[in-house]
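**Student:** my questions concern the predicted model and sequence given below.
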Amino acid sequence: MPGLVGYYGQVYGRDISSHLEKMMTALDPEPVFQRDSYTEANLALGRVTLGIFNARPQPVWNFDRTRCIFFEGELFEKDELIKLIKSSNFPPDLNDDAGLLLSLYEEIGLECAVHLNGG
């Protein structure tokens, strides 16, 4: 089953990468889906996906690598979202919903959520 997993903090008795792998295996016991992961210090993020939408490996990073996004699903009405992005610091990849969503967040912050329509 596709989904996102994550963990922040210390994992006692195992390293954070193996803990993340265990969480992704809970979503996909027989690895048939695409898996993306990112680990750093006490942070672990993962995505299990069919790879139909947003097949690009994730996380997707902003221009200066200070923010990243994992995204699973599909955005609708992308043309309307693109109109909200005025900055050219991180031009969205129009074929990548994760990059578009990250650009939108960087442009208008948390208010970006009220503009989303997806599945």
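**Tutor:** Right, received. Where do you want to start? Note that the structure is a prediction, hence the values are computed from the model and not measured.

**Student:** other SSEs contacting the lowest-mean-pLDDT helix or strand in the chain?
**Tutor:** The helix or strand of the chain with the poorest confidence is helix 78-83; it has a mean of 87 (mean pLDDT, DSSP states H and E). Packed against helix 78-83, as judged by 3 or more Cβ pairs under 8 Å, 6 or more residues apart in numbering; DSSP states H and E, are the following elements: helix 97-108. Using the backbone N, CA and C atoms, a C-beta is placed for each residue, glycine as well.

**Student:** please compute how far the helix it packs on lies from its chain's middle.
**Tutor:** 11 Å (Cα atoms, centre = their mean, to the nearest Å).

**Student:** just checking, what packs against it?
**Tutor:** Right, helix 97-108 is packed against strand 60-61, strand 68-69, helix 78-83 by 3+ Cβ pairs under 8 Å, 6+ apart.

**Student:** can you lay out those as CSV showing distance to Val114 and mean neighbour count?
**Tutor:** Listed next are the helices and strands packed on helix 97-108 as CSV, based on distance: least, Cβ to Cβ, whole Å; neighbours: other Cβ atoms under 10 Å:
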stretch, distance to Val114, mean neighbour count
strand 60-61, 22, 20
strand 68-69, 18, 16
helix 78-83, 11, 13
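
**Student:** the ones you listed into CSV, with extra columns for distance to Glu30?
**Tutor:** Formatted as CSV, these follow (distance: least, Cβ to Cβ, whole Å):
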stretch, distance to Glu30
strand 60-61, 27
strand 68-69, 27
helix 78-83, 33
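
**Student:** out of these, nearest to Leu20?
**Tutor:** Nearest of the helices and strands packed on helix 97-108 to Leu20, taken as Cβ to Cβ: strand 68-69 at 15.1 Å.
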